[in-house]
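Q: sequence and predicted structure, then a few things I'm wondering about:
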Amino acid sequence: METSLVQFGRCPACDATSANLLFIAGDRRWATTDKTFQIVECSQCRLIRLHPQPTPSELNSYYPPDYWKAPEHDLDDWLRQKYRRLALSDCIYFIERALAEAAELAPGARGVLLDVGCGDGFLLRVLASHGHGPVAGIDFSLDAATAAWRENRVPAICGTLSSAPLADESCTVIVMLHVLQHLYNPMEYLDAAHRLLAPEGRLIVQVPNAACWQFLMFGDKWHGMDVPRQLLHFRASDLETLLEHCGFEVLRRKHFSLRDNPSSLASSLLLRLDPVLGPLRRSLAKSKWRLLSDVAYLALVVACLPFTIFEAACHAGSTVILEARKKS
């Protein structure tokens, strides 16, 4: 990685004006723009960020039209839905444990289980089928909120968490999976979560981990970078500091995600096979070879499992998920 100490504007975390240029990268995943972007690391707090940050309208244009594409209801989609349920199993267990602990501390309370950045609502659908509820989702994408209701029958709001039409202390658990790194001001969302959570509520936050081995190996080609849609790149320590600053205390940490860690390595190695993003996927469209492509990608993901499990055991997994509660 290239490093040179220069002026890159003020760091959003510590206001320092100098930073190290790590590398220059383009939109490798979706190819929505030909522009290149600088990835810089603050010289004081070491927060990694995109510079300069795109305007909201520019950022919106970097999300492709089919970003929240609805399921196609064919054999290929049926198999992917089964895979999604399996891949989310450890995340669901993590959330259900938080729900159980919150219920023990506040017996009889039945607040909302809110998923921020809910996408098509699949996670909430699974949790609701396990008897957890009431559930609700929120997403800034109208397509995502629409898909959540139409495809998974999950009530979803199109908007931001800070403007969500929910009463203070009305949520038992708030989930933010891969949300904070896309925000101009993550503290605004965390402050809103602090206000919406019940006294014994739980906050579940997951982000890509910029301190992982995969980032060291692949640099700008690491799948977890997602230039230019991710504005910030957190290490686990950065995220913990941010949560503490916003009035939370961290209860649990997890460095492995069955859904994200092996697939992150697989897509870093061979993006062409990625069943959602890869150019091969797009070129195959509805071809009979698409299923074969998905099977090949799944085999690659399975092959990546041992390394990613070891990586996570060393607290260097490609994602980190934290459970936090309000400070007493």
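A: Structure's in. What do you need? Numbering: from 1, shown residues only.

Q: so which elements touch the lengthiest helix in the chain?
A: Determined from DSSP state H, the single longest helix within the chain is helix 289-313. Counting contacts by 3 or more C-beta pairs under 8 Å, 6 or more residues apart in numbering; DSSP states H and E, helix 289-313 packs against helix 75-87, helix 261-269, helix 279-284. Where you see a C-beta, it was placed from the backbone N, CA and C, and this is true even at glycine.

Q: can you mark which positions in stretch 41-60 are buried?
A: Buried positions in stretch 41-60, judged by neighbour count with 16 or more other C-beta atoms under 10 Å: 41, 42, 43, 46, 47, 48, 49, 50, 53, 54, 59.

Q: got the residues you listed as JSON lines, with distance to residue 314 and secondary structure columns?
A: Shown next, in JSON lines, are the buried residues of stretch 41-60 (distance: C-beta to C-beta, whole Å; DSSP: H, G, I helix; E, B strand; the rest coil):
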{"residue": "41", "distance to residue 314": "22", "secondary structure": "strand"}
{"residue": "42", "distance to residue 314": "25", "secondary structure": "strand"}
{"residue": "43", "distance to residue 314": "27", "secondary structure": "coil"}
{"residue": "46", "distance to residue 314": "20", "secondary structure": "coil"}
{"residue": "47", "distance to residue 314": "22", "secondary structure": "coil"}
{"residue": "48", "distance to residue 314": "20", "secondary structure": "strand"}
{"residue": "49", "distance to residue 314": "25", "secondary structure": "strand"}
{"residue": "50", "distance to residue 314": "27", "secondary structure": "strand"}
{"residue": "53", "distance to residue 314": "32", "secondary structure": "coil"}
{"residue": "54", "distance to residue 314": "34", "secondary structure": "coil"}
{"residue": "59", "distance to residue 314": "34", "secondary structure": "helix"}
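
Q: follow-up on the earlier one: next, the angle helix 75-87 makes with the longest helix of the chain.
A: 10 degrees (axes from the mean of the first three to the mean of the last three C-alpha atoms, to 10 degrees).

Q: tell me the one of the buried residues of stretch 41-60 nearest residue 209?
A: Of all the buried residues of stretch 41-60, residue 48 has the smallest distance to residue 209: 11.1 Å, by C-beta to C-beta.

Q: partner residues bridging the closest one?
A: Per DSSP bridges, the residues bridged to residue 48 are residue 41, residue 233.

Q: is it in contact with residue 232, as I believe?
A: Yes: using C-beta atoms under 8 Å, residue 48 is in contact with residue 232, at 7.2 Å.

Q: tell me how far the residue nearest to residue 177 when sequence neighbours are not counted lies from residue 320.
A: Of all residues not flanking residue 177 in the chain, residue 206 sits nearest, at 4.5 Å (C-beta to C-beta, 6 or more residues apart in numbering). Separation of residue 206 from residue 320 (C-beta to C-beta, to the nearest Å): 7 Å.

Q: repeat that for residue 306.
A: Counting by C-beta to C-beta, the gap from residue 306 to residue 320 is 20 Å.

Q: what comes up buried for the longest helix of the chain?
A: Going by neighbour count (16+ other C-beta under 10 Å), the buried part of helix 289-313 is 290, 293, 294, 297, 298, 300, 301, 304, 308, 311, 312.

Q: can I get the longest strand along the chain in PDB? Just the C-alpha atoms.
A: Longest strand in the chain by number of residues (criterion: DSSP state E): strand 197-208. Output in PDB follows, covering the C-alpha atoms of strand 197-208 (Å, rounded to 0.1, in the frame of the first residue of the first chain):
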ATOM      1  CA  LEU A 197     -33.900   1.600  22.600                       C
ATOM      2  CA  ALA A 198     -35.700   0.500  25.800                       C
ATOM      3  CA  PRO A 199     -33.600   0.800  29.000                       C
ATOM      4  CA  GLU A 200     -32.700  -2.900  28.800                       C
ATOM      5  CA  GLY A 201     -32.600  -3.000  25.000                       C
ATOM      6  CA  ARG A 202     -29.700  -4.200  22.900                       C
ATOM      7  CA  LEU A 203     -28.000  -2.800  19.800                       C
ATOM      8  CA  ILE A 204     -26.400  -5.200  17.300                       C
ATOM      9  CA  VAL A 205     -23.900  -3.600  14.900                       C
ATOM     10  CA  GLN A 206     -21.800  -5.300  12.200                       C
ATOM     11  CA  VAL A 207     -19.200  -3.700   9.900                       C
ATOM     12  CA  PRO A 208     -16.400  -5.000   7.700                       C
END
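
Q: pull out the buried residues from that strand.
A: 197, 198, 200, 201, 202, 203, 204, 205, 206, 207, 208.

Q: check contacts around the fourth one.
A: To tie it back to what came earlier, the one meant is residue 201. Contacts for residue 201 (C-beta atoms under 8 Å, 6 or more residues apart in numbering) come out as 102, 111, 169, 171, 172, 173, 174, 325, 326.

Q: which of those residues fall within helices?
A: residue 102.

Q: out of the contacts of residue 201, which are buried?
A: 102, 111, 169, 171, 172, 173, 174, 325, 326.

Q: sorry, back to before: tell me what the very next helix or strand once past the longest strand of the chain is packed against?
A: Scanning forward in sequence from strand 197-208 by DSSP states H and E, the next helix or strand is helix 213-218. For helix 213-218, the packing partners by 3+ C-beta pairs under 8 Å, 6+ apart come out as helix 261-269.
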